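In: Provided below are the primary sequence and the corresponding predicted coordinates.
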Amino acid sequence: MSYKAGFLGLIGQPNAGKSTLMNFLVDEKVSIVSAKPQTTRRRILGIWSTDKGQVVFVDAPGLIKSDSGLNGFLAQEAHDVINSSDALLAIIPVDEQKPEDAEKVLDLVSKSGKPWIGVITKTDIEEKAHRVMILRKMIEDRGGKSMSISATAYAGDAEEREAMLIEFLELMPASPAPLYDTELFTNENVREMAAEIIREKCFENLHHELPYNIAVRIIKFDENAALPKIYAEIIVSRESHKPIVIGKGASVIKKIGMDARKELEKLMDEKVFLDLNVTAKPEWFGNKRMMKELGYVVESED
């Protein structure tokens, strides 16, 4: 059997379970997982390598329609992933609010001309169990193969993981060599992952609309000290949001910092020092210069 390698794009609506699925398949935490939709802001690559080939998973932001600011960036990223992947996974959760959203994803993927598989997620939601057959039929009617996965599999079902990966490798084109070093599980560097982890902990600890207007910037990352030091800035879009992130007696920011530090120590396999500050940059997500600075860049067509 010849060696295969390529890019597999994960396409779905916000909160379809794309990031959870990718982390499970790569068997490492690569992408932000949150109960809040629209947490993936940039495409993130997760890499699985075997002696038979390499699958590079591309976790795209959920599909949304918008042309401006941050939402414009998200919409373009998702469509770029569809265009630049070798094959696609349509991720459809059984608790999809509107049937037409599932249809939209399936139509987009099936009409792309790329090889694809439909993956039905969250199949352990009992009251939605009847939907699995409906979604399966929707996938097969469009010429796709369907697979399903439940949250219980994520608890460590190595066999299910292996079976899915073998199927996905089949979708990949022949390649003379791996696309990335086979020791890697992501193309993100530690600095980028640190910003994503801090942002995830903001999502977990702030229970209102606020997180959508939050960005994280690493100001200084000193890995050479005996104790690595990370200085980061949490950026909010209004001055009035700062006290919400800081919390009474700095309780919220302390909790964000503590949760993020624990995760970073796991990632880096050593103790780290983390310093967080909160800054207001009014309406940063509509400001092209600020967005570019924070790594969200939308190239114009001209």
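Out: Arrived safely, thanks for sending. Numbering: from 1, shown residues only.

In: element containing residue 82?
Out: Per DSSP states H and E: residue 82 is located in helix 69-84.

In: quick one: the strands in the stretch 1-150 of the chain, in order.
Out: With DSSP state E, counting those that start in this stretch, the ranges of strands along the stretch 1-150 of the chain come out as 4-11, 44-50, 53-59, 87-93, 116-121, 145-148.

In: same list, the ones you listed, but as TSV with mean neighbour count please.
Out: To be clear about C-beta, it is placed using only N, CA and C from the backbone, and glycine gets the same treatment. Below are these laid out as TSV (neighbours: other C-beta atoms under 10 Å):
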stretch	mean neighbour count
strand 4-11	24
strand 44-50	21
strand 53-59	25
strand 87-93	26
strand 116-121	25
strand 145-148	17
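
In: looking at those, spot the one closest to residue 220.
Out: strand 44-50 (23.2 Å; C-beta to C-beta).

In: which residues of the chain score low on pLDDT?
Out: For the chain, applying pLDDT under 70 flags the ranges 1, 28-45, 60-78, 151-157, 184-190, 207-212, 267-269, 283-302.

In: what's the domain layout of it?
Out: Split into domains by automatic domain parsing, the chain comes to 4-170, 190-293.

In: tell me which of these is the most buried.
Out: Mean neighbours per residue, mean count of other C-beta atoms under 10 Å, is largest over these for domain 4-170, with a mean of 19.

In: distance between the ends of that one?
Out: End-to-end span of domain 4-170 (C-alpha to C-alpha, to the nearest Å): 8 Å.

In: could you do stretch 85-101 as well?
Out: Stretch 85-101 has an end-to-end distance of 21 Å (C-alpha to C-alpha).

In: now do that stretch: distance to the chain's middle.
Out: What separates the centre of stretch 85-101 from the centre of its chain is 15 Å, taken as C-alpha atoms, centre = their mean, to the nearest Å.

In: can I get stretch 251-268 in CSV, CA atoms only?
Out: This file holds the C-alpha atoms of stretch 251-268, laid out as CSV (Å, rounded to 0.1, in the frame of the first residue of the first chain):
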residue,chain,number,x,y,z
SER,A,251,-11.4,36.5,42.2
VAL,A,252,-12.2,35.9,38.5
ILE,A,253,-8.8,36.8,37.1
LYS,A,254,-7.1,34.7,39.8
LYS,A,255,-9.2,31.7,38.8
ILE,A,256,-8.6,32.2,35.1
GLY,A,257,-4.9,32.4,35.9
MET,A,258,-4.8,29.4,38.1
ASP,A,259,-6.8,27.2,35.6
ALA,A,260,-4.6,28.4,32.7
ARG,A,261,-1.4,27.8,34.6
LYS,A,262,-2.3,24.2,35.5
GLU,A,263,-3.0,23.5,31.8
LEU,A,264,0.2,25.2,30.6
GLU,A,265,2.2,23.2,33.1
LYS,A,266,0.7,20.0,31.7
LEU,A,267,1.5,21.1,28.2
MET,A,268,5.1,22.2,29.0
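
In: end to end, how far does stretch 82-89 reach?
Out: Its start and end residues considered, stretch 82-89 measures 10 Å (C-alpha to C-alpha).

In: what's in contact with that stretch?
Out: For stretch 82-89, contacts defined as C-beta atoms under 8 Å, 6 or more residues apart in numbering pick out 6-11, 21, 58, 60, 108-109, 112, 114-119, 168, 171-173.

In: over to stretch 239-249?
Out: With C-beta under 8 Å, 6+ apart, stretch 239-249 has contacts from 202, 206, 208, 210, 213-214, 234, 236, 252-256, 278-280, 282.

In: stretch 263-278 now?
Out: With C-beta under 8 Å, 6+ apart as the criterion, stretch 263-278 contacts 29, 190, 193-194, 197-198, 200-201, 219, 227-234, 236, 242, 245-246, 253, 256-257, 260-261.

In: now, the residues you listed that are in helices?
Out: Taking DSSP state H, the ones among these that sit in helices are 190, 193-194, 197-198, 200-201, 242, 245-246, 253, 256-257, 260-261.

In: can you pull out the strands in the stretch 201-302 of the chain?
Out: Under the criterion DSSP E, counting those that start in this stretch, the stretch 201-302 of the chain contains strands at 215-222, 229-236, 273-280.

In: mind putting these into a markdown table with distance to residue 162?
Out: Shown next, in a markdown table, are the strands of the stretch 201-302 of the chain (distance: least, C-beta to C-beta, whole Å):
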| stretch | distance to residue 162 |
| --- | --- |
| strand 215-222 | 35 |
| strand 229-236 | 35 |
| strand 273-280 | 36 |
